[in-house]
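Student: Next comes the sequence, and after it the predicted model I'd like to discuss.
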Amino acid sequence: MTSQVRSADVTTAGVLLRTWRHRRRLSQLELANRAQVSPRHVSFVETGRSRPTVDMVLRLCDQLAVPLREQNQVLLAAGHAPAHPQHALNDPPMAHISTAIEGILAGHLPFPALVVDRRWDLVAANEAAYGLLAGLPDHLLEPPVNVIRLSLDPAGLAPRIINLVQWRAHLVHRLRHELGVSADPLVAGLLEEFTTGPEPPVAQVDPPPGLLVPLRLRVGADVLSLVSTTTVFGTPHEVTLSELAIEAFYPADEATRRMLLQTFGPDGDRAASPTGR
């Protein structure tokens, strides 16, 4: 966590808060009521006539659902120290988190699971997840590996995804949601990359939607059918941790379950793994 505190720029802090208020489509009165302050005070903070305290910044940010990283930016603009620490996963304070993530990924075998950050860059994955990536070009596997691009790029998994239209729509929906939460320009760029231009060629018409949208992925002569869940850490107070999501996949049919169990289970044949490992 940085301890640097720059001189206050309350106008910038107010602009940031006003921008987040507009993103959340709240009036000053609505925000004031939620934060239990006067509309006048909200107005003074947004116009730079009043320098908000740390408590006020955090209270307004909480009501605006501002991500922790951006809360620190508002605090710095107002002349305060960041309130939320930030570490790399291999830093000593995060050792127990890294151990927990490794345990979750290993415990999910023989099914695929991976961890992504808020920009959908791959943080970690288990052997079954890596097993689905055999044969992809090196440029898509060079860090940082972006999972959206890996999935939807014509040189990536896209040609192997049987229900590409469904899965692409699912991922685009997730990107739009993430952009609404974080307002990250890199997420915006990723969304634009896969929502402009011609639709990708699809070899097969998608089946009617069921209760869940599965990932139907061709692996050799077989087709894996997988449904996914997303898990985040509860009540995080650290920036990196607040931005991590665990994407866990489960078999949607018995054939998929058997194939993954035979390959990645306790007695699985790793030589038959799609990675060849």
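Tutor: That came through, no problem.

Student: Past the host helix or strand of Thr240, which element shows up next along the chain?
Tutor: Taking DSSP states H and E as the criterion, the element that holds Thr240 is helix 239-242. Beyond helix 239-242 in the direction of the C-terminus, DSSP H and E gives the next helix or strand as strand 245-251.

Student: So what touches that following strand?
Tutor: The set of residues that contact strand 245-251 without belonging to it, under C-beta atoms under 8 Å, 6 or more residues apart in numbering, is 101, 104-105, 108, 111-118, 129, 147, 215, 224-232, 257, 260. Glycine gets a C-beta too; all of them are placed from N, C-alpha and C.

Student: Tell me the strands beside the strand ranked longest in the chain, with direction?
Tutor: Counting residues, the longest strand found in the chain (DSSP state E) is strand 222-231. When pairs are called by DSSP bridges, strand 222-231 turns out to pair with strand 215-219 (antiparallel), strand 245-251 (antiparallel).

Student: re earlier: and the contacts of the helix holding Thr240?
Tutor: Helix 239-242 is contacted from outside by 67-69, 72, 84-89, 94, 97, 117, 233, 236, using C-beta under 8 Å, 6+ apart.

Student: Take those and, keeping just the buried ones, write it as a PyMOL select command.
Tutor: Typed into PyMOL, the next command selects the buried ones out of the contacts of helix 239-242 (criterion: 16 or more other C-beta atoms under 10 Å):
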select buried, resi 67+68+69+72+84+85+86+87+89+94+97
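
Student: Could you count how many residues lie near Arg160?
Tutor: When counting by other C-beta atoms under 10 Å, one arrives at 18 neighbours for Arg160.

Student: try Gly220
Tutor: Summarising burial for Gly220: neighbours were counted as other C-beta under 10 Å, giving 10.

Student: Trp120 too?
Tutor: Once other C-beta under 10 Å is used to define contacts, Trp120 is seen to have 23 neighbours.

Student: Need the pLDDT of it.
Tutor: In this prediction, Trp120 carries a pLDDT score of 95.

Student: Dihedrals phi and psi, it?
Tutor: For Trp120, the backbone dihedrals are phi 70, psi 30 (criterion: degrees, to the nearest 10).

Student: ok, it - contacts?
Tutor: Asn146, Val147, Ile148, Leu175, Glu178, Val187, Leu190.

Student: Tell me how far the second one lies from Val66.
Tutor: Taking C-beta to C-beta, to the nearest Å as the measure, Val147 falls 25 Å from Val66.

Student: Could you check which of the two is surrounded by more residues?
Tutor: For Val147 against Val66, the residue with the higher neighbour count under other C-beta under 10 Å is Val66, and the figures read 26 against 23.

Student: isn't the more buried one right next to Trp20, touching?
Tutor: Yes. The pair formed by Val66 and Trp20 meets the contact definition of C-beta atoms under 8 Å, at 5.2 Å.

Student: neighbours of Ala180, just the number please.
Tutor: No Ala there; residue 180 is Gly. Applying other C-beta under 10 Å, we find 12 residues neighbouring Gly180.

Student: Distance-wise, check the closest residue to it other than its chain neighbours relative to Ala183.
Tutor: Counting by C-beta to C-beta, 6 or more residues apart in numbering, the nearest residue to Gly180 once its immediate chain neighbours are dropped is Arg23, at 7.4 Å. Taking C-beta to C-beta as the criterion, Arg23 is separated from Ala183 by 6 Å.

Student: Kind regards, and thank you for your time.
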